[in-house]
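Peer 1: Generate coordinates for the sequence data below:
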Amino acid sequence: MGQTPETIPVLALWSAPRCRSTAFARMMTERNDRVVVHEPFSRVVDFGEVKVGERLVHSERDVLAELRSIAAEKPVFFKDTTDFAYPALLADEAFLAAATHTFIIRDPAEAIASHHALNPDLGRDEIGFARLYEIFTAVQAATGTTPVVIDSDDLLNRPAETVRAYCAAVGIPFLPEALSWQPGMRSEWRATSKWHQSTSETAGFTRGSGRGAETVAADPVLRAYRDYHLPYYEKLRAVALRP
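Peer 2: The predicted structure follows:
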């Protein structure tokens, strides 16, 4: 008899930076049906430590262990961004297979313009779509199935339909009351507050103003970044849910 594969009640949302993942996580917090962990992998790389649940951990491997530990007691949702590489995650095939990994995308020109506005020294790789696709293919290989992908434009244009489709795809109940919330800067956002300011001012999924595509097209460096990441976005967009 073969061993039954490990399954753990961890639901992950992976995102390139500036793809509206914080708003999605805010909705998941509003559900109040699982422990929500904010960006544990990127924070442990960026700051050298991160609080996961009640524990302060200091490595990617510790993050993985603590997510498993919390999930033994209560379902977990975490969201994270691919401005960094996560070799320990990619090496942990059991976690790639056992958790439910999902992905959110946004037009790269818009994401790059938003990212560049907050980080003028932005480098190509920290834009994150190539790394996002690397995690996607690793999960696909570990599970033998195509992970759930949502397009954040669908989330803004048809929030109820998109979230309903997401919930059905990952096997959790759709809670329409979680689509709106009280504005405010949450405690888990404060260490990186400039990145979450716009979400803190919202009460639901709303579109900001901007001319991201034009800004990127006019800048040769940013345009080259866009052209590098566009194929990865398009591969993910091709399998995104159609609400």
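
Peer 1: And the closest residue to Asp83 other than its chain neighbours, how close does it get to His101?
Peer 2: Spatial nearest neighbour of Asp83, excluding adjacent residues (CB to CB, 6 or more residues apart in numbering): Glu126 at 4.2 Å. Quick note: C-beta positions are derived from backbone N, CA and C, even for glycine. Separation of Glu126 from His101 (CB to CB, to the nearest Å): 21 Å.

Peer 1: of these two, who's got more company?
Peer 2: Legend: neighbour count by other CB atoms under 10 Å for Glu126 and His101, higher for His101 (24 against 18).

Peer 1: doesn't that one fall inside a helix?
Peer 2: No. Under DSSP: H, G, I helix; E, B strand; the rest coil, His101 falls outside any helix and is assigned strand.

Peer 1: residues in contact with it?
Peer 2: Ala12, Trp14, Ile135, Phe136, Val139, Pro147 (CB atoms under 8 Å, 6 or more residues apart in numbering).

Peer 1: try 10 Å
Peer 2: His101 sits next to 10-14, 89, 95, 135-136, 138-140, 142-143, 147-148, 170 when contact means CB atoms under 10 Å, 6 or more residues apart in numbering.

Peer 1: Likewise for Arg31?
Peer 2: Contacts of Arg31 by CB under 10 Å, 6+ apart are Phe77, Cys167, Ile172, Pro173, Phe174, Leu175, Glu177, Ala178.

Peer 1: On the three-state scheme, the first one is what?
Peer 2: Three-state secondary structure (criterion: three-state DSSP) places Phe77 in strand.

Peer 1: Can you check the pLDDT for it?
Peer 2: Note on Phe77: pLDDT of 97.
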